[in-house]
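1. can't give you the sequence, but here's the structure:
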């Protein structure tokens, strides 16, 4: 945020200086490059738009930045023209050939992209981007064997290039080569630039294919990389749940709730109950900080357990909070009073329920109360 404020201050001063004719070509182009890198494309366009004559600055760099900006905005034809103009001023710059080939890929000119890179092959062999673009161009041109060969060569030559490994992994996944893709996925875990969220997303892809063990392996790796990331945590819990490992999912949520975000205690309690551990589910409810959520969860668990006495003991907590407007809770409370033989409180609570979808339940409970009070059924009285 601090850098953004500096740029906001510097931007009008810089443009003003350029308009006064001072030689700030290096600063202008550097600022444009910085804005493009930080995805501030509109402002980068404004900076470059203040340059009336590219020869007032460094023309090859100006056109290269124009090409890069258009490429980021998927304006491929404009990007290609800009990179070609840059080449007119600096035909030996291999970086420009990479730009041209990327624009040609965007325009689906796959064979031309291959030819562009081949023309500067010797200078580009030490660039990982060469192998990436070559692989993509060959795949799109229907030359899968050659495309794979470039991916293999590139990933061996540049073992630290994460984009190459990502491209390799995506290709294997698209062709349902699951085991081979997982070997690549595990190698990607060692890359310093790999983010926890990207690892979790890879796990999600395996989960979608019902490869739960692989999904969980990557999900746990992502959690180790960043145990505070909520999206990573939720994705891992989904993988455990879909693989029917409810207890493991419950433990994952509990650990996260206790160390980072107590709001997850309610969900963790639900999972412990589903996993057949009601005592631990009850214990977690005691740690919930929000009194309304705590009361609601306590009622829900007591209802599942058939502990109607405990439910009725929570009546005052319900009536002192906004929960008294939640008619599902009121019906559950009325039912608990009925089960405890407290017909007066049961009938009083039912008076507040107006929802049409609960109408039949209310009528049935009222009839049951009446039946008990008239002696038609064997009930305990009030």
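-> Okay, I see it. Nothing here was measured: the structure is a model prediction, and the numbers come from that model.
2. In three-state terms, label residue 335 for me.
-> Following DSSP: H, G, I helix; E, B strand; the rest coil, residue 335 is assigned to helix.
3. tell me which element the residue lying closest to it once chain neighbours are set aside is part of?
-> Counting by C-beta to C-beta, 6 or more residues apart in numbering, residue 365 is the residue found nearest to residue 335 once chain neighbours are left out, at 6.4 Å. The C-beta positions use only the backbone N, C-alpha and C, and glycine is treated the same way. Residue 365 belongs to helix 359-374 when assigned by DSSP states H and E.
4. my guess is the residue nearest to residue 335 meets residue 343, correct?
-> No - checked against C-beta atoms under 8 Å, the pair residue 365 and residue 343 is beyond contact range at 10.2 Å.
5. Give me the mean pLDDT for the helix or strand harbouring residue 316.
-> Using DSSP H and E, residue 316 sits within helix 315-319. Here helix 315-319 scores 92 as its mean pLDDT.
6. just stretch 130-142 next, same as before
-> Stretch 130-142 carries an average pLDDT of 94.
7. Pull out the buried positions in the helix holding residue 316.
-> Across helix 315-319, burial judged by 16 or more other C-beta atoms under 10 Å covers 315, 317, 318.
8. Check which helices and strands the helix holding residue 365 is in contact with.
-> If contacts are counted by 3 or more C-beta pairs under 8 Å, 6 or more residues apart in numbering; DSSP states H and E, helix 359-374 sits against helix 327-339, helix 343-350.
9. Of these, which stretch is the most buried?
-> Of all these, helix 327-339 has the most neighbours on average by mean count of other C-beta atoms under 10 Å, namely a mean of 21.
10. ok, then the element right after the strand or helix carrying residue 150?
-> Using DSSP H and E, residue 150 falls within helix 144-157. With elements assigned by DSSP H and E, the helix or strand that comes after helix 144-157 is helix 162-174.
11. how much does the helix or strand that that following helix is followed by deviate in direction from helix 162-174?
-> Next along the chain after helix 162-174, taking DSSP H and E as the criterion, comes helix 178-188. When axes from the mean of the first three to the mean of the last three C-alpha atoms, to 10 degrees is applied, the directions of helix 178-188 and helix 162-174 differ by 160 degrees.
12. hmm, who's touching helix 178-188?
-> The contact list for helix 178-188, computed with C-beta atoms under 8 Å, 6 or more residues apart in numbering, reads 162, 165-166, 168-169, 172-173, 194, 199, 202, 206, 209, 211, 214, 218.
13. Write the ChimeraX selection for whichever of those residues are buried.
-> To isolate the buried ones among the contacts of helix 178-188 in ChimeraX, judged by 16+ other C-beta under 10 Å, type:
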select :162,165,166,168,169,172,173,194,199,202,206,211,214,218
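14. how much space between the closest residue to residue 61 other than its chain neighbours and residue 91?
-> The spatial neighbour of residue 61 that comes closest, neighbours along the chain excluded (C-beta to C-beta, 6+ apart), is residue 29 at 5.4 Å. For residue 29, the distance to residue 91 equals 20 Å [C-beta to C-beta, to the nearest Å].
15. Look at these two and report which has more neighbours.
-> Looking at residue 29 and residue 91 with other C-beta atoms under 10 Å, you find the greater number of neighbours at residue 29, namely 19 against 11.
16. Now that one: phi and psi?
-> Note on residue 29: its backbone torsions stand at phi -70, psi -30 [degrees, to the nearest 10].
17. what's it in contact with, if anything?
-> Going by C-beta under 8 Å, 6+ apart, residue 29 touches 57, 58, 61, 62, 65.
18. tell me the mean pLDDT over the helix or strand encompassing the last one?
-> Under DSSP H and E, the secondary-structure element containing residue 65 is helix 59-72. Helix 59-72 shows a mean pLDDT of 92 in the predicted model.
19. Beyond it, next helix or strand please.
-> helix 76-89.
20. what residues does that following helix touch?
-> Contact with helix 76-89 is made by 59-64, 66-71, 93, 96-97, 99-100, 102-104, 106-107, as judged by C-beta under 8 Å, 6+ apart.
21. Just the buried residues out of these, in ChimeraX syntax.
-> One line in ChimeraX is enough to select the buried ones among the contacts of helix 76-89; burial here means 16+ other C-beta under 10 Å:
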select :59,60,61,62,63,64,66,67,68,69,70,71,93,96,97,99,100,102,103,104,106
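22. Where does the prediction get shaky in the stretch 1-150 of the chain?
-> For the stretch 1-150 of the chain, the stretches flagged by pLDDT under 70 are 1-26.
23. So which residues of it form helices?
-> Assigned by DSSP state H, counting those that start in this stretch, the helices in the stretch 1-150 of the chain fall at 2-19, 25-37, 41-49, 59-72, 76-89, 94-106, 110-119, 121-124, 128-140, 144-157.
24. what helices or strands is the helix or strand where residue 223 lies leaning on?
-> Residue 223 belongs to helix 212-225 when assigned by DSSP H and E. With contacts taken as 3+ C-beta pairs under 8 Å, 6+ apart, helix 212-225 sits against helix 178-188, helix 196-208, helix 230-242.
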